[in-house]
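**Student:** only geometry, no sequence info:
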């Protein structure tokens with residue numbers, strides 16, 4: 001299934017995409033897509049719903065992040081070889097891990113507001129996933145059993161805050177709205193192999209990033225297993241898995257950064273599309 005949340009920010013309702021690509025409202029049946037609804041049993045129960053009999057959501061209705069009640073927002077850095085090279089950094093021998101503030105989570109088409117004085121805003125298309133069951137010291141072989149589903153993400157970044165402000169990357173990654181995910185969560189039963197998803201991001205219609213999750217250094221199963229060795233992943237946790245080459249910081253000889261009025265468009269096959277205007 002493709003699960004989503006629709007409505008104004010802070011008042012979203014649960015929904016799903018039907019076989020004809022129409023958004024259906026599920027709020028008469030379930031309260032919201034909270035962590036407990038990410039469990040295998042709950043997700044399996046949802047498959048019995050006849051979406052064609054549920055109310056249609058008007059076209060153009062805002063979509064929010066496809067999950068709520070998120071308790072951890074974890075990110076992986078330098079997970080594509082060419083991106084590490086364009087950043088001038090060594091290919092990591094283990095996953096690079098950082099976190100984003102929960103308040104950075106946003107809907108797929110929400111505006112991205114640059115912080116005051118920002119001159120180094122940047123884009124990063126990524127594969128994201130949501131944890132379905134508690135995950136602690138799991139093997140690579142068992143890791144994907146703990147994933148509820150997958151989504152598209154943009155790890156929006158402010159490079160001056162990330163690199164020049166004397167601290168962890170999270171400083172440049174955690175501004176409000178810097179973590180748009182969605183438009184929907186594709187459940188794992190519908191996407192058993194997350195390592196063959198096309199990724200494309202354009203700025204003002206010009207393609208900047210074009211890759212495939214097959215090129216990840218550490219695939220999803222390895223990321224889940226690795227994280228679970230030193231932290232407990234909880235149902236509803238969001239993890240984004242790194243970006244391919246083509247970020248603004250990596251453009252030579254002159255890096256290119258976001259400015260107000262720019263439009264980012266993202267596409268990831270079955271995971272859908274995003275569109276964010278920079279304000």
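**Tutor:** On my side now, so go ahead. Here the structure is a predicted model, which is why all the values come from computation and not from measurement. Numbering: from 1, shown residues only.

**Student:** surely residue 224 meets residue 138?
**Tutor:** Yes. Using C-beta atoms under 8 Å, residue 224 makes contact with residue 138 at a distance of 6.7 Å. In this view, the C-beta of every residue, glycine as well, is placed from N, C-alpha and C.

**Student:** the more surrounded of those two?
**Tutor:** With neighbours defined as other C-beta atoms under 10 Å, residue 224 and residue 138 compare such that residue 224 has more, 25 against 21.

**Student:** joint contacts of residue 224 and residue 138?
**Tutor:** residue 146 (C-beta atoms under 8 Å, 6 or more residues apart in numbering).

**Student:** show me what contacts residue 125?
**Tutor:** Residues near residue 125 by C-beta under 8 Å, 6+ apart: 152-154, 199-201, 209, 243-244, 266, 268.

**Student:** which element follows the lowest-mean-pLDDT helix or strand in the chain toward the C-terminus?
**Tutor:** The weakest-scoring helix or strand in the chain, judged by mean pLDDT, DSSP states H and E, is helix 81-86 (a mean of 85). Once the chain leaves helix 81-86, the next helix or strand it forms, by DSSP states H and E, is strand 96-99.

**Student:** what is that next one packed up against?
**Tutor:** strand 73-77 (3 or more C-beta pairs under 8 Å, 6 or more residues apart in numbering; DSSP states H and E).

**Student:** hey, where'd the strands end up in the stretch 51-200 of the chain?
**Tutor:** Per DSSP state E, counting those that start in this stretch, the stretch 51-200 of the chain carries strands over the ranges 73-77, 96-99, 105-106, 121-122, 125-131, 147-154, 157-158, 179-180, 185-187, 198-203.

**Student:** ok so, going back, packing partners of the least confident helix or strand of the chain?
**Tutor:** For helix 81-86, there is no helix or strand it packs on, judged by 3+ C-beta pairs under 8 Å, 6+ apart.

**Student:** again, 10 Å this time
**Tutor:** strand 206-212 (3 or more C-beta pairs under 10 Å, 6 or more residues apart in numbering; DSSP states H and E).

**Student:** whichever helix or strand comes after the strand it packs on to strand 147-154, inter-axis angle?
**Tutor:** Downstream of strand 206-212, the next assigned helix or strand under DSSP H and E is helix 220-230. If you take axes from the mean of the first three to the mean of the last three C-alpha atoms, to 10 degrees, helix 220-230 sits at 100 degrees to strand 147-154.

**Student:** what lies in contact with helix 220-230?
**Tutor:** Contacts to helix 220-230, defined as C-beta atoms under 10 Å, 6 or more residues apart in numbering, come from residues 72, 74, 76, 79, 94-95, 97, 127-129, 131, 134-147, 150, 193-195, 213, 216-218, 233, 237, 239-242.

**Student:** and whichever helix or strand comes after it, how far from the chain's centre?
**Tutor:** Next along the chain after helix 220-230, taking DSSP H and E as the criterion, comes strand 238-240. Taking C-alpha atoms, centre = their mean, to the nearest Å, one finds strand 238-240 lying 6 Å from the centre of the chain it belongs to.

**Student:** does residue 2 touch residue 63 like I think?
**Tutor:** No. Residue 2 is beyond contact range of residue 63, at 11.1 Å (criterion: C-beta atoms under 10 Å).

**Student:** need the overlap of contacts for those two.
**Tutor:** Jointly contacting residue 2 and residue 63 under the rule C-beta under 10 Å, 6+ apart are 15, 23, 182-184, 272.

**Student:** with the residues you listed in mind, which one is nearest to residue 257?
**Tutor:** residue 182 (24.4 Å; C-beta to C-beta).

**Student:** enumerate every residue touching the closest one.
**Tutor:** With contact taken as C-beta under 10 Å, 6+ apart, residue 182 is in contact with 2-5, 63-67, 105-110, 128, 151-153, 271-274.
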